[in-house]
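J.: Give me a 3D structure for the following:
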Amino acid sequence: MANRKVTLYWFCKTPQGWRRKAIVLGSNNRIRHTHVIENGENGEKNEVSYPTGRYQLCRYEGTKPVYIDAGTHPSKALALWRKESSLSVAKNEAVHAGAKVVTDEKRVEIRRAANLYIQDCEYRRALEAMGQAKLVIEEFMLVCRKTYIDEIVKEDIYRFHRTLRDRGCGDRTVANKHLRLKSFLRSAGFDTKSAALWPPAPKYPKTLPEVYSWEQVTAILAAADPYMRLVVEMGLKLGLRDQEMAHAEWQDIDWTHSVYRVRSKPQMEFMVKDSEERDIPISSDLLSSLRQARVRYPETKLIVGTTNDTPNRKLLRTLKRLAKAAGLNCNQCDGCKGNLGECEQWYLHKLRATYATTLLRNGVDLRTVQAYMGHADIATTTIYLRPASTKEAQSKVDAIDWCGGLSKLETEPVTVTVN
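T.: As a prediction, this is how the structure comes out:
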């Protein structure tokens, strides 16, 4: 995979001091972060972990080794290693052919930046974001047809918008792809804050986030086996994201204080942003369900892992199949009409939206809900301040003493308090 003259090391703090150690690649050709190979007393090779360190590339200028800092991010270090190895091979071949390779280290290629961005998503286990990023970047590159980031101009973005609309994409879809493209280009060093380079996001009619009704929740729980019932309960009562749930471990539960801790899992190559690391109170009924599950799975590390105790990456598919088997499909959406018959109304993130909306409707303040959801911006949390359903509103309206209320308005002034 890599040219032998370019080597990637983990420069780490060991009991013997700072040392350069050979990295460890997993079966998926990704770096096992902080893991290195050590020689044992009897000459055997042992894999150990040294948490403190940085990646370094070693290449040669003649016979002199030159070390290049490659940071602490395994995906970025791996991408840099591959790049330097490819350049080394090209230079060696050029020398043998009597030619010369000239590279411009200051310019960033769109394709190379895209690979780094997608690898970063993969490292963080943001698999949904990774899939969306791949699609949007490919769509943009088909329209843009430029090589370097610094060649992109505002007209390229507008052309991307027009192409999407010509394909039949709605305003909301265009806006979402615009934001995904902005995230990628910003990570590559493009100045998305410059009005001369970056246009505003397309406007679209904003809709309320979808939530499950009480009847839907009751029906899906009744149809679920103990495993999927726990999945639904954790999404509904902790507001976990898909990957947070897949990587949830029993050690994340503080049984004494009824708290669930959302944390990064470097050993499983799962990372969350700083604002997303958080403590969430566990309701008494969910805590009881977790205790019962722990009795059923006393030896596992993961709460809802696979039979091999690895992260279950098919929870979404299992939820959709459960809804279909229970006769809960809407039978109207494209998913229901497709070959798999998987309803678009059933998805895990909808449990998270239901969690946030339920907290807000029951009087939990915005700042607290923001903390529980792991939102960096409170504006994101306010999206879930949706009005009560027609049925809920109807019962409240019917309970009003309209005659008494109106007569009271005639005799007492109305006081409005503004914070």
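J.: only C-alpha atoms for contact and neighbour calcs from this point on.
T.: Will do.
J.: Distance from the chain centre to stretch 139-153, please.
T.: 25 Å (Cα atoms, centre = their mean, to the nearest Å).
J.: ugh, typo on my part, it should be stretch 336-351
T.: 20 Å.
J.: ditto for stretch 120-140
T.: With Cα atoms, centre = their mean, you get 9 Å for stretch 120-140.
J.: which residues touch it?
T.: 74-76, 114, 118, 160, 177, 180-181, 184, 243, 269-272 (Cα atoms under 8 Å, 6 or more residues apart in numbering).
J.: May I see the buried residues of the lengthiest helix in the chain?
T.: If each helix of the chain is counted by residues according to DSSP state H, the longest one is helix 74-97. Buried residues in helix 74-97, defined by neighbour count with 16 or more other Cα atoms under 10 Å: 74-82, 84-89, 91.
J.: any idea how the chain splits into domains?
T.: 7-97, 110-187, 214-382 (automatic domain parsing).
J.: now those domains as TSV including distance to A196 and mean pLDDT?
T.: What follows is the domains of the chain, written out as TSV (distance: least, Cα to Cα, whole Å; pLDDT from 0 to 100):
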stretch	distance to A196	mean pLDDT
domain 7-97	30	83
domain 110-187	7	87
domain 214-382	26	92
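J.: For the contacts of stretch 120-140, pick the one with the most neighbours.
T.: K177 (24 neighbours; other Cα atoms under 10 Å).
J.: how near is it to Y347?
T.: 21 Å (Cα to Cα, to the nearest Å).
J.: Then E155?
T.: 37 Å.
J.: Of these two, give the one with the bigger neighbour count.
T.: Of the pair E155 and Y347, Y347 is the one with more neighbours under other Cα under 10 Å, namely 18 against 13.
J.: Test my guess that that one contacts K320.
T.: Yes: with contacts counted by Cα atoms under 8 Å, Y347 reaches K320, the gap being 6.9 Å.
J.: List the contacts of K21.
T.: Counting by Cα under 8 Å, 6+ apart, K21 touches Y9, W10, F11, C12, V36, I37, E38.
J.: any idea which of the residues you listed is closest to Y67?
T.: Taking Cα to Cα as the measure, Y67 sits nearest to Y9 out of those, at 9.6 Å.
J.: wait, doesn't that closest one sit right on Y67?
T.: No: using Cα under 8 Å, Y9 is not in contact with Y67, being 9.6 Å away.
J.: Now the common contact residues for these two.
T.: By Cα under 8 Å, 6+ apart, the residues touching both Y9 and Y67 are Q56, L57, C58.
J.: What pairs with the helix or strand hosting the first one, parallel or antiparallel?
T.: To tie it back to what came earlier, the one meant is Q56. Using DSSP states H and E, Q56 sits within strand 53-61. Strand 53-61 sits in its sheet next to strand 7-14 (antiparallel), strand 64-69 (antiparallel), going by DSSP bridges.
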